[in-house]
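Participant: Provided below for reference: sequence and predicted model.
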Amino acid sequence: MLSRLQISEFHERGFLSGGQLLDGAQVEELLKELTRVIEERDRGDVKQPVLCRNLNSNPETPVWQVVNVWEASEPFRLLLANEKIVEEMAQLTGAGRLKIWHDQIQYKPAETGGVNMWHQDAPLWPILAPMTEVSAWVALDDVDVDNGCMSMVPGSHLWGDQMEFIRSLGSYDDMPGAFDGKDVEIVRCPVRTGEVHYHHALTWHGSHTNTSDRPRRAIAIHYMTEETRFVASGEHVMKPFVNVEDGEEMVGEHFPEVWRRG
């Protein structure tokens, strides 16, 4: 459970280190499952994630993106409802119920892992409202400055949807020192193997290149509360799986409830 000080820090800064979550054996099991899911991505006789693709045009140095690995792997499905994560997520969101929006794995291979440009999550999810989701980011390797850890801008979750400005940046290194009269501080956020890191869906974040000799693998689990509603006018890879009407609560087998107060 998080302390009042930690909860206050999250609401002020828009991100928080949650500390150790998984032991070595649990991490190893998840890494083996990730390898299996990728290797079996073209098989029609096994359960598949919503998306499994190589984001790199060079097949010899793949950067794998996997969306909803939980639908193809029981260990990852169990991770969604991990007691520490859901209890702390409830503390951070004030939720009465927690549901899965989706999960996502992206990993940067050793030496060739590229930049993940500055962004906010919520504006990239235009089929959801309001923009209140929180993500649990679980490291499956030691993720540090050398292999492309995330960087966060403290307090930026309080500035609303600013993706138009963020998209105007020419490169990862172009972040200014101020925006709209506010100081822009960049904080690098190393996360060790098996630790969890939380961030708000409006927090500005990104990650630099991995030029180390180590891979950088992690899973982001995106949680939504009972207040989240479907916005039919938006587009997203998960939209075909939505079976509610515009403005209704996001529910369904692809958006499972993992925690309920009481």
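Facilitator: Right, received. Where do you want to start?
Participant: Bridge partners for Val187, pull those for me.
Facilitator: Beta-bridge partners of Val187, counted by DSSP bridges, are Met152.
Participant: Surely it touches Met152?
Facilitator: Yes: at 5.2 Å, Val187 counts as touching Met152 under the criterion of C-beta atoms under 8 Å. The way it works is simple: take the backbone N, C-alpha and C, and place the C-beta from them, glycine included.
Participant: who has more neighbours, these two?
Facilitator: Per other C-beta atoms under 10 Å, whichever of Val187 and Met152 has more neighbours is Met152, with 23 against 12.
Participant: quick one: that one and Glu249, what's the gap?
Facilitator: According to C-beta to C-beta, to the nearest Å, Met152 and Glu249 sit 30 Å apart.
Participant: and what of Glu235?
Facilitator: 20 Å.
Participant: who has more neighbours, these two?
Facilitator: Glu249 (16 against 9).
Participant: Find the residue closest to that one in space, skipping its chain neighbours.
Facilitator: Arg229 (6.1 Å; C-beta to C-beta, 6 or more residues apart in numbering).
Participant: for that neighbour, phi and psi?
Facilitator: The phi/psi pair for Arg229 (degrees, to the nearest 10) reads phi -120, psi 160.
Participant: Glu87 too?
Facilitator: Per degrees, to the nearest 10, the backbone of Glu87 is at phi -70, psi -40.
Participant: what sits against the closest residue to it other than its chain neighbours?
Facilitator: Closest residue to Glu87 apart from its sequence neighbours, by C-beta to C-beta, 6+ apart: Met1 at 6.0 Å. Met1 makes contact with 87-88, 91, according to C-beta atoms under 8 Å, 6 or more residues apart in numbering.
Participant: Most neighbours of all the residues you listed, which one?
Facilitator: Highest count within the contacts of Met1 by other C-beta under 10 Å belongs to Glu88, 24 neighbours.
Participant: pLDDT (mean, whole number) over the helix or strand containing that residue?
Facilitator: Per DSSP states H and E: Glu88 is located in helix 83-93. For helix 83-93, mean pLDDT is 98.
Participant: helices or strands next to the helix or strand just after that helix in the packing?
Facilitator: Using DSSP H and E, the helix or strand that follows helix 83-93 towards the C-terminus is strand 97-106. Judged by 3 or more C-beta pairs under 8 Å, 6 or more residues apart in numbering; DSSP states H and E, the packing partners of strand 97-106 are strand 64-67, helix 74-80, helix 83-93, strand 218-225, strand 257-260.
Participant: With distance to Pro126 added, can I get the ones you listed in CSV?
Facilitator: Shown next, in CSV, are the helices and strands packed on strand 97-106 (distance: least, C-beta to C-beta, whole Å):
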stretch, distance to Pro126
strand 64-67, 16
helix 74-80, 23
helix 83-93, 20
strand 218-225, 14
strand 257-260, 23
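Participant: most packed of those?
Facilitator: Scoring the helices and strands packed on strand 97-106 by mean neighbour count under mean count of other C-beta atoms under 10 Å gives strand 218-225 as the most buried, with a mean of 22.
Participant: I'd guessed Ile7 sits against Ala90; true?
Facilitator: No: in this structure, Ile7 is not within contact of Ala90 by C-beta under 8 Å, at 10.8 Å.
Participant: At the geometric centre of this protein, which residue do we find?
Facilitator: Ala220 (3.0 Å; C-alpha atoms, centre = their mean).
Participant: Tell me what that one is bridged to.
Facilitator: Taking DSSP bridges as the rule, Ala220 bridges to Gln104, Trp137.
Participant: so who does it touch?
Facilitator: The contact partners of Ala220, by C-beta under 8 Å, 6+ apart, come to 103-106, 135-138.
Participant: just those residues: which has the poorest pLDDT?
Facilitator: Of all the contacts of Ala220, Gln106 has the smallest pLDDT value, namely 80.
Participant: ok, now which ones touch it?
Facilitator: Counting by C-beta under 8 Å, 6+ apart, Gln106 has contacts 55, 63-66, 116, 218, 220.
Participant: Serialize the residues you listed to CSV and add fields for pLDDT and distance to Gln26.
Facilitator: CSV is the format used below for the contacts of Gln106 (pLDDT from 0 to 100; distance: C-beta to C-beta, whole Å):
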residue, pLDDT, distance to Gln26
Leu55, 79, 27
Val63, 76, 24
Trp64, 84, 20
Gln65, 90, 23
Val66, 95, 18
Asn116, 81, 25
Ala218, 95, 14
Ala220, 97, 17
